[in-house]
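1. what follows is a protein structure lacking sequence information:
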């Protein structure tokens, strides 16, 4: 994810439907990726992470898919709820020691329609 | 377990002044990172401290500095404030070893007038 200040992509989904949020990352050497959710007035909240030796990881109602060939990451949210409305960021690690230096994508604003 | 705590929540400063922001990490976490979030540039990495030493640094001018204390608490300082420094400043902590995500506080909203 390139940390550039561009127009925030938006996605509107009917409550109960599934949503997919996509992210292109920039550094082929990155080996750890994270999805964060940010609600208004709050800091980013960890959702799910994945290492480069995996291509899929599942959590509770969320799945992250990693395609290293095209440097693409996606977040799938199943059975969306009103509380899922937020801005979602992907992040890749660029630190030398671990996961402390992250490069964030521009974010996607997800709106759940009741 | 208490989360990452940042103080103050809001700050209003005038151009040319300096400001200090504070961050208390999750208990047991030894790494503290700072990020700047603006509508124009998004989330950008400032620097990261581990065991009182700066380990990683972003591309910000020298006016932005930080430090970490022996109890892992961290402070960030911005000197000679500019209008463009208005932003949400986020602190995040992690154990500091390989593995595991950063956990963010709710930030300090700095407004420079």
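-> Structure's in. What do you need? All values reported here derive from a predicted model rather than from experimental measurement.
2. give me the contacts around stretch A:85-94.
-> Residues from elsewhere that reach stretch A:85-94, judged by Cβ atoms under 8 Å, 6 or more residues apart in numbering or on different chains: A:1, A:8, A:21, A:23, A:25-27, A:30-40, A:44, A:47, A:73, A:75, A:99-105, A:107-112, B:43, B:45. For glycine as for every other residue, the C-beta is placed from the backbone atoms N, C-alpha and C.
3. show me these that map onto helices.
-> Per DSSP state H, helices hold no members of the contacts of stretch A:85-94.
4. could you list the buried residues of the helix or strand where residue B:21 lies?
-> If you go by DSSP states H and E, residue B:21 is part of strand B:19-24. For strand B:19-24, burial by neighbour count (16 or more other Cβ atoms under 10 Å in any protein chain shown) applies to B:19, B:21, B:23-24.
5. of these, which is the nearest to residue A:51?
-> residue B:23 (27.0 Å; Cβ to Cβ).
6. what residue ranges in the chain score low on pLDDT?
-> Assuming you mean chain A. For chain A, the stretches with pLDDT under 70 are A:1-7, A:94-99.
7. can you look at chain B instead?
-> B:1, B:98-99.
8. just give me the residue closest to the centre of it.
-> Taking Cα atoms, centre = their mean, the centroid of chain B lies closest to residue B:34, which sits 3.2 Å from it.
9. circling back: how far off centre is the strand holding residue B:21?
-> Centroid separation between strand B:19-24 and its chain, computed with Cα atoms, centre = their mean, to the nearest Å, is 7 Å.
10. cool, and stretch B:30-44?
-> That offset, for stretch B:30-44, works out to 7 Å (Cα atoms, centre = their mean).
11. how about the strand holding residue B:21 and chain A, any contact?
-> No - no part of strand B:19-24 sits near chain A under the criterion Cβ under 8 Å from any Cβ of the partner chain; the closest distance found is 11.0 Å.
12. only whichever of the contacts of stretch A:85-94 are buried, select them in ChimeraX.
-> To isolate the buried ones among those in ChimeraX, judged by 16+ other Cβ under 10 Å, type:
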select /A:1,21,23,25,30,32,33,34,35,36,37,38,44,47,73,75,99,100,101,102,103,104,105,107,108,110,112 /B:43,45
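13. narrow the contacts of stretch A:85-94 to those in strands?
-> If you go by DSSP state E, these have A:21, A:23, A:32-38, A:47, A:73, A:75, A:102-104, A:108-112, B:43, B:45 in strands.
14. residues from chain B in reach of chain A?
-> B:4, B:31, B:33, B:35, B:38-45, B:48, B:50, B:55-56, B:58, B:90, B:92, B:94, B:96-107.
15. the same query, at a cut-off of 6 Å, please.
-> Contact residues (Cβ under 6 Å from any Cβ of the partner chain) of chain B with chain A: B:31, B:33, B:40-45, B:48, B:55-56, B:90, B:97-98, B:101, B:104-107.
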